[in-house]
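this one's structure only:
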């Protein structure tokens, strides 16, 4: 696994994508929990599952993976309107 990234896209739930987006903004697990009104342990579990699914080793590698596969938009980098955002 070169560079700590998955070789193929994976299937992620809407909640997992939401958490990746919040990780990419720099929030801690505790801050994510507060924002989503869920427990920190639930966020910890989601992050662990996401890292496993994406074959990434840490939050930095996860954000890099998410940028590569178009899962997040940061500071106008990798940004496009997804079908659910067009209404």
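Looks like it arrived, so ask away. Fair warning: this is a prediction, and the values are worked out from it, not measured in the lab.

Next, report how far the helix or strand of the chain at the bottom of the mean pLDDT ranking is displaced from the centre of its chain.
For the chain, counting by mean pLDDT, DSSP states H and E, helix 59-68 ranks last in confidence among helices and strands (a mean of 93). Remark: helix 59-68 is offset 7 Å from the chain centroid, using C-alpha atoms, centre = their mean, to the nearest Å.

Use 390 as the first number for this chain going forward.
Renumbered: residue one is now 390, and that last one reads helix 448-457.

residues of that helix that come out buried?
Going by neighbour count (16 or more other C-beta atoms under 10 Å), the buried part of helix 448-457 is 448, 450, 451, 452, 453, 454, 455. (Glycine included, C-beta is placed from N, CA and C.)

List just the nearest of those to residue 438.
residue 451 (11.5 Å; C-beta to C-beta).

low pLDDT regions in this protein?
390-397, 464-476 (pLDDT under 70).
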